[in-house]
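>>> The following block contains a protein sequence and its predicted model.
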Amino acid sequence: MKTINVILDKYKWVILGVILVVAIIFRFWQLGAVPASPDWDEAALGYNAYSILHTGRDEYGAFLPVVMRSFDDYKPALYSYISIPSVALFGLNVWAVRLPSAVFGVLTVLAVYFIAKELFKKESVSLLSSFLLAISPWHIQFSRLAFESNVGLAFNVFGALFFLKGLKRPWVLFLSIASFVASAYVYQSEKVFSPLILLALAIIFKKELFKLPKKYIYSAVLLGFILSLPMLWYIVSNKNALERAQGVSVFADQSSLKQDAARLLTDRQNHDYLGLVLDNRRFVFAKEVVANYISHFDFNWLFITGDLSRHHAPNMGLVYIWELPFILAGIYFLLFGEYDKKTKWTIFSWYLLAPVAASVTTGVPHAVRALNLLPTYQIFSAIGIISLFTLIKNKKFLFKTGLVIIILCAVLNISYYADQYFVQTNYYTAIDWQYGYQEAVPTVKAILPKYKKVIVSNQPYMDQSYMFFLFYLQYPPREYQIDSAMASGGFRENHQFGKFEFRTINWNTEKKSSDILYVGRASDFPPNAKVIKTVTFPNGKPAMLLVEG
């Protein structure tokens, strides 16, 4: 092991360079083609970047918004701003919109090396943690998508790294504060996690922090407050600012209240005082939040099933199954091993705080809202691998056999993942990615002069179809801002612009005319409909039909 450590120390930059190349390959290979289609959020972030680029306003005409109304989910706008350079350089397309996320994904792999180096002072832990994140299915999944959570994770890792560096060079604390604040401008969950982890770091390293000149601490706090003002003002001044949070909150689900009220009435009649406590609405909600929190440590979710199909490769979980024993070993060795107490507190604070934001929402466990669980699993795994092999370093046969077995299992699992993601994803999950618009929209555009009206379905799986048409048509933002001025937004809102209407298609009541074109699902039309074009999923089944009235 001593020889290995010498080699790692001598060639650390070469090894780190190789790790970054691996990270780049996994994140950039077929970036615009796998997954085969953007989902509605990616299309919205891209089109709003395009709109701000050309007009300074989002799709609804808001000037340089801090938060974008979008589908009435009020997205923090930073990802769209970050996408503007790539959209300006490469045009409005899937690759350009996903590019910032891929770049931040690679930078996070690099930052994990440095943050592990700060905490553990060992090249072995630093390099292995970085490598495991480079090949992580969970991290790759969201680094290849225009999902704001991936950039939020990156800013949190940068913030923690700069905080640790700032304990030696105080001016770096400004970068830490700026990074943590930026995360809140990019994704909703970070408004909870970022201040919590910053507070945890301040408590853990309070002695080192308060040894610094006070002017740096006060200035950093003031900087954080100033940078947060636009977001704080938006939250205070806009009654819809928290609509998304309220919409997915467990406290917004009132479906069980009638049952709870009935049980409470029975408890009172029976003088069941324990029941009055256990059936109390506040206790029920608290129990649900705790259950939601615990669900994010479910092995089945982590290693086998994942959650929504858009959040993981087919037939796989979020973390490699071969890492499971090493993660458990890593947690044990970190808890009871001879590691610095502040290092232990930092890693476990991150690990335990990461699911907090997701725990008060519905639809859990949730891979996007709990993405901040990374990179703790990779650090645990690295510690587990190194600690176990250190234990058997003098038993050469066992050491070599164990090394061969782990490499074989890892290669098989990684190869299986690569096939499932890069080969099978488009075949099995195209419908979940709202596939078809990239072929249907150019066809509609080519034959548009023949028709007075185009009616497009907005029902599942063609939800928010208007946004895909804006995206692929590169519809002039100024024109759409006029058309959308009176729109009310919303997930089920009917939209229209130009010749286009986006609504439910009821074929029996639709006007049949040769100057009307319909775009919908196969189920929207009868067998004898006049089909102009059929767009098929990669598995050959019909995705969208272009039908003449």
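Looks like it arrived, so ask away.
>>> Only C-alpha atoms from now on, for both contacts and neighbour counts.
OK.
>>> Would you check how far apart Leu132 and Ile321 are?
As judged by Cα to Cα, to the nearest Å, Leu132 and Ile321 stand 13 Å apart.
>>> Counting neighbours, go ahead and name the busier of those two.
Between Leu132 and Ile321, counted using other Cα atoms under 10 Å, the more crowded position is Leu132 (22 against 18).
>>> which stretch of helix or strand covers the residue lying closest to the more buried one once chain neighbours are set aside?
With Cα to Cα, 6 or more residues apart in numbering as the measure, Gln378 is the residue that lies nearest to Leu132, at 5.6 Å, once sequence neighbours are left out. Secondary structure assigned from DSSP states H and E places Gln378 in helix 376-391.
>>> Which residues belonging to that helix are considered buried?
376-389 (16 or more other Cα atoms under 10 Å).
>>> mean confidence for the helix ranked longest in the chain?
Assignment by DSSP state H gives helix 94-120 as the longest helix of the chain. Mean per-residue pLDDT for helix 94-120: 98.
>>> just the angle between that helix and helix 376-391, please?
If you take axes from the mean of the first three to the mean of the last three Cα atoms, to 10 degrees, helix 94-120 sits at 50 degrees to helix 376-391.
>>> Which neighbouring elements make contact with helix 94-120?
For helix 94-120, the packing partners by 3 or more Cα pairs under 8 Å, 6 or more residues apart in numbering; DSSP states H and E come out as helix 12-28, helix 40-55, helix 78-90, helix 123-134, helix 137-143, helix 148-166.
>>> what's the angle between the last one and helix 40-55?
With the same axes, to 10 degrees applied, the angle from helix 148-166 to helix 40-55 works out at 70 degrees.
>>> And the first one, by the same measure?
Here the directions of helix 12-28 and helix 40-55 differ by 100 degrees (the same axes, to 10 degrees).
>>> which helices and strands does helix 12-28 pack with?
Here helix 12-28 touches helix 94-120, helix 123-134, helix 137-143, going by 3+ Cα pairs under 8 Å, 6+ apart.
>>> try the longest one
Packing contacts for helix 148-166, counted by 3+ Cα pairs under 8 Å, 6+ apart, involve helix 94-120, helix 137-143, helix 173-184, helix 190-204.
>>> For Lys211, which of those is the nearest?
helix 190-204 (12.3 Å; Cα to Cα).
>>> Now do the very next helix or strand once past that closest one, average pLDDT.
Downstream of helix 190-204, the first helix or strand assigned by DSSP H and E is helix 206-210. Throughout helix 206-210, pLDDT has a mean value of 96.
>>> and if you look at stretch 71-90?
Taken as a whole, stretch 71-90 has a mean pLDDT of 96.
>>> Then stretch 354-367?
What stretch 354-367 shows for mean pLDDT is 95.
>>> quick revisit: columns mean neighbour count and distance to Ser523 on top of the helices and strands packed on helix 148-166, output as TSV?
Compiled in TSV, the helices and strands packed on helix 148-166 are given as follows (neighbours: other Cα atoms under 10 Å; distance: least, Cα to Cα, whole Å):
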stretch	mean neighbour count	distance to Ser523
helix 94-120	23	28
helix 137-143	25	31
helix 173-184	25	42
helix 190-204	19	40
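>>> mind listing what Asn240 touches?
Contacts for Asn240 (Cα atoms under 8 Å, 6 or more residues apart in numbering) come out as Tyr74.
>>> can you map out the strands along the stretch 401-549 of the chain?
Using DSSP state E, counting those that start in this stretch, the strands assigned to the stretch 401-549 of the chain run over residues 453-456, 495-497, 500-502, 516-520, 530-536, 542-548.
>>> Just say which of those is most tucked in.
strand 516-520 (a mean of 24; mean count of other Cα atoms under 10 Å).
>>> re the thing from before, which pLDDT value does the model give the residue nearest to Leu132?
Confidence score, pLDDT, at Gln378: 98.
>>> Give me the below-cutoff pLDDT ranges for the protein.
Along the chain, segments meeting pLDDT under 70 span 1-2, 243-247, 252-262, 264-265, 267, 271-280, 485-493.
>>> before we move on, the earlier item: out of the helices and strands packed on helix 148-166, which gets nearest to Tyr417?
Set against Tyr417 and scored by Cα to Cα, those come closest in helix 137-143, at 7.4 Å.
>>> quick one on the thing from earlier: how about the helices and strands packed on helix 12-28 in CSV, adding distance to Tyr421?
Shown next, in CSV, are these (distance: least, Cα to Cα, whole Å):
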stretch, distance to Tyr421
helix 94-120, 16
helix 123-134, 15
helix 137-143, 9
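>>> So for Ile204, which of these sits nearest?
Using Cα to Cα, the nearest of the helices and strands packed on helix 12-28 to Ile204 is helix 94-120, at 12.5 Å.
>>> tell me the angle the closest one makes with helix 78-90.
Helix 94-120 runs at 130 degrees relative to helix 78-90, counting by the same axes, to 10 degrees.
>>> To Val531, which of the helices and strands packed on helix 94-120 lies closest?
helix 40-55 (25.8 Å).
>>> List the buried residues in stretch 471-480.
Within stretch 471-480, the residues scored as buried using 16+ other Cα under 10 Å are 471-472, 475, 477-478, 480.
>>> Show me what that stretch is in contact with.
Contact partners of stretch 471-480, identified using Cα under 8 Å, 6+ apart, comprise 43-44, 46-47, 50-51, 54-55, 59, 92-93, 437-438, 441-442, 445, 469, 497.
>>> Can you select the buried ones from these in ChimeraX?
Of these, the buried ones can be selected in ChimeraX as follows, counting by 16+ other Cα under 10 Å:
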select :43,44,46,47,50,51,55,59,92,93,437,438,441,469,497
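>>> Please report how far Lys12 lies from Ile19.
In terms of Cα to Cα, Lys12 sits 10 Å off from Ile19.
>>> Format the strands of the stretch 401-549 of the chain as JSON lines; extra columns: distance to Trp138.
Output for these, formatted as JSON lines (distance: least, Cα to Cα, whole Å):
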{"stretch": "strand 453-456", "distance to Trp138": "34"}
{"stretch": "strand 495-497", "distance to Trp138": "35"}
{"stretch": "strand 500-502", "distance to Trp138": "34"}
{"stretch": "strand 516-520", "distance to Trp138": "33"}
{"stretch": "strand 530-536", "distance to Trp138": "29"}
{"stretch": "strand 542-548", "distance to Trp138": "28"}
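>>> can you tell me which of those strands comes nearest to Ala410?
Among the strands of the stretch 401-549 of the chain, the nearest to Ala410 by Cα to Cα is strand 530-536 (35.9 Å).
>>> Could you export the closest one as PDB, keeping only the C-alpha atoms?
Listed next in PDB are the C-alpha coordinates belonging to strand 530-536 (Å, rounded to 0.1, in the frame of the first residue of the first chain):
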ATOM      1  CA  LYS A 530     -56.100  10.900 -43.300                       C
ATOM      2  CA  VAL A 531     -52.600  10.500 -41.900                       C
ATOM      3  CA  ILE A 532     -50.000  12.800 -43.500                       C
ATOM      4  CA  LYS A 533     -47.100  11.500 -41.400                       C
ATOM      5  CA  THR A 534     -46.500   9.000 -38.600                       C
ATOM      6  CA  VAL A 535     -43.600   9.700 -36.200                       C
ATOM      7  CA  THR A 536     -42.600   6.500 -34.500                       C
END
